[in-house]
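>>> Sequence and predicted structure, then a few things I'm wondering about:
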There are 2 protein chains.
Amino acid sequence: MIKPATIKDIAKTLKISTSTVSRALRNASDVNLKTRTAVLALSEELNYQPSRLALSLQQKQTHTIGVIVPNLDYVIATMVKGIDEVALEAGYTVMVCQSNESFGREMVNTRRLLDSLVDGFIISVSSETKVFDHFKKIQQKGMPMVVFDRVSSDLVAPKVRLDNTEGGYLATEHLIEQGYKRIAILAGPKNLTISNDRLDGYLKALKKFKIKVEPELINHCNFNQQDAYETTVDLLKMKRRPDAIFTISDRMAIGAMLAIKEKGLRMPIDIGLVGFNNEPVTALVTPGISSVEQPAFELGKAAAKLFIEQMHHEEDLSDVERVLRPRLIVRESSLRKAGVRLPRAK
Amino acid sequence: MIKPATIKDIAKTLKISTSTVSRALRNASDVNLKTRTAVLALSEELNYQPSRLALSLQQKQTHTIGVIVPNLDYVIATMVKGIDEVALEAGYTVMVCQSNESFGREMVNTRRLLDSLVDGFIISVSSETKVFDHFKKIQQKGMPMVVFDRVSSDLVAPKVRLDNTEGGYLATEHLIEQGYKRIAILAGPKNLTISNDRLDGYLKALKKFKIKVEPELINHCNFNQQDAYETTVDLLKMKRRPDAIFTISDRMAIGAMLAIKEKGLRMPIDIGLVGFNNEPVTALVTPGISSVEQPAFELGKAAAKLFIEQMHHEEDLSDVERVLRPRLIVRESSLRKAGVRLPRAK
DNA sequence: AGCGTTACCGGTAACGTTCCCGGTGGTTTT
DNA sequence: AAAACCACCGGGAACGTTACCGGTAACGCT
């Protein structure tokens, strides 16, 4: 283990003080050109790298952002890429921690990063999280914190999120316009805002078109495929079964699709389907699944920008909320009016 | 910005020395029970958290692992989850950096983490990387480093990887057994070992079954869907077109599948297809795509374990190579013998 | 000649922690 | 009663860096 060159080594061999070396390496003011070039040359030779550790200790900031996400699926990975992009440019390093949708992991990760490892946080909460004390601790410490994607009204902090209500609205409106009458929704866990917002959009669309809300068509289930499958199987057993399903994630849409196919129903004729996220898979299955696209990369960038902003200026941005707009991508699974190719099922 | 409580604060209010506080908080030896409880109580009250920064500076280790990956697709995200798992348990924090398959980004990331931020690295190289000086610098510093997934023989370090040759063999053998005669391969970039190894497996299988190797059936293209699509389009234009395609990733398989469908060919009758990675999508498309599954989570865990091992003991493990075995998952895209349901195409 | 200005540099403290060494008192051993 | 031992504690240095303050020489100005 060769130990790296320090500022002291340079000072010693050049027979000058560490202060001078430090200045030569940075400010360039208050230091003779000759000594400066000497320092620079030697530091090059020893390939000196300043210790970020010592620096961080000294000036009490690490230039590192802690990013806490529930997992690293397609959408979130894309968001993280966005965060990475602007963070890197601003001279920050990011530490990504997956909570695995587990409240415990989320707490442990937060605690760890809190011990003077990061300057602040960019967070998307896990689906298990119902209590936010560990995040509030961040703010008590006076650290900047931005919430993104999965936000929560219990958390007073700058937020960047999708307009999930509009997403829900777009999907539902589209199904209505395609002539579907009994539209079911597979919403996510009740404690997640994205879940409730998308449900709100669904309700708004029904109201707009004066369609009665039927509670048995509203189902909460987890984000995974299996749960969605089972819920759909149940839905399709109803005497008056729904003729369309809106799921608030594509994974859930896949689950629903499997149940639909198993039952022998055809999309979009017998039943319509719309998902959420516009994951690549939606374009690959047959029929293609219509889905609400979110600008994930942009969303990540926006979150990081907001973070940096909050970092630099002292102003309180905790009531700022950037809301990005979704876009509906229509595919075959819900396109009944434009191109009916198959005969109607009995 | 409320500054956190330090060991000094505790010492001052308790009118004892910092040394004693430090001992009380750790060793428990050489400290009176009474003072110890007092320290513990006060530290609880001030909710004291030791500064990992100061600690790291002092003992020259950060308890952090730098993980550098080309991207965060399904397989790699799963591997990272595995790394995370054992790292967390061993008291390490991981820093994940995506190089985005870019050599430049990979260098920048490595450089950054090198400045006394991490104790070592777990690395999967980007597809652009042809030169490894930035990684060798890690070893010059005497830091442990484990290479996983995408390894390279130019890098002398402990490795954890899939038996890619066997993966290639399994896929090809299966296609041969299903009666396919002209089997093309879509290999990845030439400088990647995983690419060449899978190709080797392909060649081995051909040799085993005494099938002549035809150079025009061997194609290198990038990992993305588009490239695979275009390459396949070209392949299918040949006068004697291949009757099966083995792609070394599922993304590529999807691209190939699109080209195949466009051409009006049917799987598995007219043409067989096998992918690699067993991503969920392979089970969702129609027909389902056969694919070589790799134990990604296990692979990540193994890499982290090897890292920890190298960290703790001084022994040189740089010639250790853990090779995990793949498994072929057969789906409809290549299953010609078992269930022929459609008439033969003219 | 005396004074202020400038250009350059060094010493020291500080960031929060641990480690090593050297004390104290009090008790036991010889 | 001297010597040895123990349990407990404090002082100081060290990790690598920068900030602050002060000092010295050289120079120019009145």
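Everything's here; your move.
>>> Going by C-alpha atoms from here, please, whenever you check contacts or count neighbours.
Will do.
>>> closest point of the stretch 51-200 of chain A to DNA strand C, which residue?
Using CA to the nearest atom of the strand, the point where the stretch 51-200 of chain A gets nearest to DNA strand C is residue A:58, with a distance of 3.4 Å.
>>> Is that residue part of a helix or strand, or is it coil?
Three-state secondary structure (criterion: DSSP: H, G, I helix; E, B strand; the rest coil) places residue A:58 in helix.
>>> what about it, neighbour count?
The burial count assigned to residue A:58 is 12, neighbours taken as other CA atoms under 10 Å in any protein chain shown.
>>> Distance check, it against residue A:87.
Here the distance between residue A:58 and residue A:87 works out to 22 Å (CA to CA, to the nearest Å).
>>> for residue A:272, same thing?
Taking CA to CA as the measure, residue A:272 falls 41 Å from residue A:87.
>>> Please apply the same query to residue A:217.
For residue A:217, the distance to residue A:87 under the criterion CA to CA works out to 43 Å.
>>> Pick out whichever of the two has more residues nearby.
residue A:87 (22 against 17).
>>> residues touching the more buried one, list them.
When the contact criterion is CA atoms under 8 Å, 6 or more residues apart in numbering or on different chains, the partners of residue A:87 are A:93-94, A:304-305, A:308.
>>> which of those residues tops the neighbour count?
Among the contacts of residue A:87, residue A:304 has more neighbours than the rest - 29 neighbours, counting by other CA under 10 Å.
>>> With adjacent residues omitted, what lies nearest to that residue?
Taking CA to CA, 6 or more residues apart in numbering or on different chains as the measure, residue A:304 lies nearest to residue A:83, with 5.1 Å between them; neighbours along the chain are not counted.
>>> from what I can see the one you found touches residue A:301, true?
Yes. Taking CA atoms under 8 Å as the contact criterion, residue A:83 and residue A:301 are neighbours in contact, 4.9 Å apart.
>>> Neighbour count: those two, which is higher?
The residue with more neighbours, out of residue A:83 and residue A:301, is residue A:83; 25 against 21, by other CA under 10 Å.
>>> mind listing what's buried in the helix or strand hosting that one?
Using DSSP states H and E, the element containing residue A:83 is helix A:74-89. Using 16 or more other CA atoms under 10 Å in any protein chain shown as the burial criterion, the residues of helix A:74-89 that qualify are A:74-88.
>>> the helices in the stretch 1-150 of chain A, which residues?
Remark: helices of the stretch 1-150 of chain A, listed N- to C-terminal, are A:7-14, A:18-25, A:33-45, A:52-59, A:74-89, A:103-114, A:133-140; assignment by DSSP state H, counting those that start in this stretch.
>>> could the ones you listed be laid out in TSV, adding mean pLDDT?
Converted to TSV, those look like this (pLDDT from 0 to 100):
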stretch	mean pLDDT
helix A:7-14	93
helix A:18-25	93
helix A:33-45	92
helix A:52-59	94
helix A:74-89	95
helix A:103-114	90
helix A:133-140	87
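>>> what about chain A, any weak spots by pLDDT?
Counting by pLDDT under 70, chain A has low-confidence residues at A:1, A:338-346.
>>> Would you mind listing what in it touches DNA strand D?
For chain A, the residues found near DNA strand D under the criterion CA under 7 Å from any atom of the strand are A:3-8, A:18-19, A:22-23, A:25-26, A:49-52, A:54-55, A:57-59.
>>> Among those, name the buried ones.
A:5-8, A:18, A:22, A:25, A:49-52, A:54, A:57.
>>> among the residues you listed, which are within reach of chain B?
A:49-52, A:54, A:57 (CA under 8 Å from any CA of the partner chain).
>>> Now flag whichever of those residues is closest to residue B:209.
Out of these, the one with the shortest distance to residue B:209 is residue A:49. That distance is 56.4 Å, counting by CA to CA.
>>> How many neighbouring residues does the closest residue to the closest one other than its chain neighbours have?
Of all residues not flanking residue A:49 in the chain, residue B:115 sits nearest, at 6.3 Å (CA to CA, 6+ apart). Summarising burial for residue B:115: neighbours were counted as other CA under 10 Å, giving 15.
>>> Pretty sure residue B:115 sits against residue A:50.
Yes. Using CA under 8 Å, residue B:115 makes contact with residue A:50 at a distance of 6.8 Å.
>>> circling back to that earlier point, spit out the contact partners of the residue nearest to residue A:49.
The contact partners of residue B:115, taken as CA under 8 Å, 6+ apart, are A:49-52.
>>> Farthest pair within those?
Comparing every pair within the contacts of residue B:115 by CA to CA identifies A:49 and A:52 as the most remote, at 8.7 Å.
>>> who's in contact with the nearest residue to residue A:107 once chain neighbours are set aside?
Nearest residue to residue A:107, sequence neighbours excluded (CA to CA, 6+ apart): residue A:134, at 6.2 Å. Applying CA under 8 Å, 6+ apart, one finds that residue A:134 lies in contact with A:107, A:110-111.
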